[in-house]
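>>> Below is the sequence, then the predicted model.
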Amino acid sequence: MDAYFSMANINCPHDKFFKSAMADMRVAREFFEHHLPECILKTADFSTLQLQPNSYIDPQLNLTSSDILYKIKIAGNEGYFYLLCEHQSSSDPLMPFRLWQYKINIWADYLKHNPNAKKLPLIVPLVFYHGKYRYKGSRDLKDIIEAPKSIIEEVLFKPFRLIDTHDIADEKLREQHWSGVMTFVMKNIYARNILNIKSTLFEMLRFIIKEYGEGAYNYSELLLCYIFNSGNLESPVDFIEEIKKEFPPKVGEQVMTGAEWFRELGVQQGMQQGIQQGMHQGIQQGIQQGMHQGIQQGMHQGIQQGMHQGMQQGMQLGESKMLFRLIEKKFGVLPLTIRVKIEKASDMSLLNWSNRLLEVDSLEELFEE
């Protein structure tokens, strides 16, 4: 006990005495049996009571406060008794907040050591006060929040409000206009082909553009860019054509800047053929070479050759799209800046990037000069 509560860890005589006394399980058990509510006493297994080594006090308060944490089984589950001892002479008006803060820290520490945990242990807090004057501060967090009591009860100590897009009907979203179209897009962003919801989407966008004119252009562009970058588009070319038909020229300029080259180069077919045929032939060549030179070396060279062959074929119908798809297969959805960078690159740059693709682990490494 003396080793645990060494003088190096003691900040005042009250702290030393309190911790030393409560480290004795006979003292601790009797203390809790007299001060805990009946519902805890009936379910707590005091034979499992164990002192824990951690402290959760704010370092700035360790001269006036000390704390002790005990682990114990409560109703068969791991739980904790947290005892905060206040040595200051007067009550702290923010004590309810401090106590919640310490409990949050205990839970954070628990999750750090139990990363796979799906639930949190029960923490039973107690504050032991022995100041010069009677404690007059509030013990309820609700008392120190500046808001009507009815609102506090409704929003603070009830289950949190959940906005699940799966539960919101499209008809309701149409009524919300600005936030409605945002929610609608995010609700459907994982659709197999997001063009299937274009009718409702364009209807909602047309409405806010009609009502607010150019004031809605930037917002519409933001939504369309998000769809282009994160949605599943079976035909990006069709998506661009639909935008051009449905909206004023200024709307979606950034989207079309990063995507217009798909149509101009006629690359969609070349990309598919280049990847499928190039990768297929490359893998086969890799296996054949592996029979003579080793599977690993042959597969690596074969895939690389296949990517080159796929790139060459893709270049004939649209070399930029080909490289874009290859990079996307490795690193996922690409930001718009990368798309534009690939579009504007020279043939030599495209070739260099394709050569390095198998060897790099990040987009930064691939495009570094």
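Good, I have the coordinates. Residues are numbered from 1 along each chain as shown.
>>> Neighbours of Val333, how many?
By the criterion of other C-beta atoms under 10 Å, Val333 has 10 neighbours. C-beta coordinates here come from the backbone N, C-alpha and C atoms, glycine included.
>>> what does Ala345 give?
If we define neighbours as other C-beta under 10 Å, then Ala345 has 17 of them.
>>> Return the distance of it relative to Met322.
Ala345 sits 12 Å away from Met322 when distances are taken as C-beta to C-beta, to the nearest Å.
>>> Give me the three-state assignment for Val27.
Three-state call for Val27 (DSSP: H, G, I helix; E, B strand; the rest coil): helix.
>>> Find the nearest non-adjacent residue to Asp238, please.
Leu195 (6.4 Å; C-beta to C-beta, 6 or more residues apart in numbering).
>>> my guess is the one you found meets Phe239, correct?
Yes. Using C-beta atoms under 8 Å as the test, Leu195 is close enough to Phe239 to be in contact (6.2 Å).
>>> Need the residues touching each of those two.
Contact criterion C-beta atoms under 8 Å, 6 or more residues apart in numbering; residues shared by Leu195 and Phe239: Leu233.
>>> Please name every helix or strand in contact with the helix or strand hosting Glu221.
For Glu221, the element it lies in under DSSP states H and E is helix 217-230. Using 3 or more C-beta pairs under 8 Å, 6 or more residues apart in numbering; DSSP states H and E, the elements in contact with helix 217-230 are helix 178-188, helix 198-212, helix 236-246, helix 253-265, helix 336-344.
>>> Make JSON lines from these and add mean neighbour count to it.
Output for the helices and strands packed on helix 217-230, formatted as JSON lines (neighbours: other C-beta atoms under 10 Å):
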{"stretch": "helix 178-188", "mean neighbour count": "17"}
{"stretch": "helix 198-212", "mean neighbour count": "16"}
{"stretch": "helix 236-246", "mean neighbour count": "17"}
{"stretch": "helix 253-265", "mean neighbour count": "19"}
{"stretch": "helix 336-344", "mean neighbour count": "16"}
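>>> would a markdown table of those helices with mean pLDDT be doable?
Converted to a markdown table, the helices and strands packed on helix 217-230 look like this (pLDDT from 0 to 100):
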| stretch | mean pLDDT |
| --- | --- |
| helix 178-188 | 92 |
| helix 198-212 | 90 |
| helix 236-246 | 80 |
| helix 253-265 | 51 |
| helix 336-344 | 76 |
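>>> Now tabulate those helices in TSV and tack on distance to Leu120.
Converted to TSV, the helices and strands packed on helix 217-230 look like this (distance: least, C-beta to C-beta, whole Å):
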stretch	distance to Leu120
helix 178-188	29
helix 198-212	40
helix 236-246	45
helix 253-265	44
helix 336-344	41
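>>> surely Arg174 meets Gly180?
Yes. Counting by C-beta under 8 Å, Arg174 does reach Gly180; the two are 6.1 Å apart.
>>> Spit out the residues that contact those two alike.
With C-beta under 8 Å, 6+ apart, Arg174 and Gly180 have common neighbours Met204.
>>> Let's verify Leu69: helix, strand, or coil?
strand.
>>> and it, what is it in contact with?
By C-beta under 8 Å, 6+ apart, the neighbours of Leu69 are Leu51, Gln52, Asn54, Ser55, Tyr56, Tyr80, Phe81, Tyr82, Leu83, Ile106.
>>> could you redo those residues as CSV and give each row distance to Pro335?
Output for the contacts of Leu69, formatted as CSV (distance: C-beta to C-beta, whole Å):
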residue, distance to Pro335
Leu51, 52
Gln52, 46
Asn54, 43
Ser55, 45
Tyr56, 41
Tyr80, 45
Phe81, 51
Tyr82, 46
Leu83, 52
Ile106, 40
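>>> Nearest to Asn232 among these?
Ile106 (43.3 Å; C-beta to C-beta).
>>> from the chain's centre, how far out does the helix or strand where the closest one lies sit?
Assigned by DSSP H and E, Ile106 falls within helix 95-113. Taking the mean of its C-alpha atoms, helix 95-113 sits 21 Å from the chain's own mean (C-alpha atoms, centre = their mean, to the nearest Å).
>>> likewise stretch 27-35?
42 Å.
>>> Touching it from outside, list them.
Here stretch 27-35 has contacts from Ala21, Met22, Leu41, Ala44, Phe46, Leu49, Leu51, Tyr70, Phe81, Leu126, using C-beta under 8 Å, 6+ apart.
>>> quick one: which of those residues is most hemmed in?
Busiest of the contacts of stretch 27-35 [other C-beta under 10 Å] is Phe81, holding 24 neighbours.
>>> Am I right that that residue sits in a strand?
Yes. Per three-state DSSP, Phe81 lies within a strand segment.
>>> Could you tell me which residues make contact with it?
Phe32, Leu36, Leu49, Leu69, Tyr70, Ile72, Ile123, Val124, Leu126.
>>> go with 10 Å
The contact partners of Phe81, by C-beta atoms under 10 Å, 6 or more residues apart in numbering, come to 28, 31-32, 35-36, 40, 44, 49, 52, 68-72, 74, 122-126.
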